[in-house]
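> model this:
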Amino acid sequence: MRQILPIFKREFLGYFRSPVAYVFLIAFLIISVSLAFSRYGGFFRAGVASMESYFTFFPWLFMFIVPAVGMRLWSEEKRSGTLELLFTLPVTTLEAVLGKFLAGWAFLALVHRRVAPAGVLFGRTNPVMIQGLVLAGIPAMHRVSPDPFTVFTTGDRVRMSPARGIIERVAARAR
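So this is what the prediction gives:
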């Protein structure tokens, strides 16, 4: 099991050494935004400022992207002729599969985390939004004093601590 980490590093960094990762990222963003804001997503018809139509399509997109990411890992080995070399090394099949799986999983987690918000700040909120944020594990705060919408400006980096009820500016936006 010691060979999982080197395989993981090789595969994960391999995504960013070629344009494959960037193509996947851009395709994912374009397709997800297109679906959400098209007539199928109904964002504008709903009349509500909600990202529900955007995140509704994630399972359908992942249904195609996850297999494509997994197949890329093994097809790249076969295409480059290193599949035979990989299995002549002191690596078990389980270690190779786990290393590649974890690399693909980390890449998809990176895709997902760059799209989902790190935290949400509300002036007024509704219970449905809070339930979704709790299920997604995204911190949320509301009714904070002083009003953060008057203290912070767009582009400021802030740190939220919902448990302590504190919001602090980490870095101001470069003006």
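> switch to C-alpha atoms for all contacts and neighbour counts from now on
OK.
> contact partners of stretch 20-32?
Tyr15, Phe16, Tyr54, Phe57, Phe58, Leu61, Val111 (C-alpha atoms under 8 Å, 6 or more residues apart in numbering).
> Show me which of those is closest to Ile7.
Out of the contacts of stretch 20-32, the one with the shortest distance to Ile7 is Tyr15. That distance is 12.7 Å, counting by C-alpha to C-alpha.
> Roughly how far does the closest one sit from Ser34?
Applying C-alpha to C-alpha, to the nearest Å, the value for Tyr15 to Ser34 is 25 Å.
> The two - which one has more neighbours?
For Tyr15 against Ser34, the residue with the higher neighbour count under other C-alpha atoms under 10 Å is Tyr15, and the figures read 19 against 14.
> Can you name the next helix or strand after the helix or strand harbouring that one?
In this assignment (DSSP states H and E), Tyr15 forms part of helix 4-17. Proceeding C-terminally, helix 4-17 gives way to helix 20-37 as the next helix or strand, assigned by DSSP H and E.
> ok and that next one relative to helix 4-17, angle-wise?
On the basis of axes from the mean of the first three to the mean of the last three C-alpha atoms, to 10 degrees, helix 20-37 is oriented at 70 degrees to helix 4-17.
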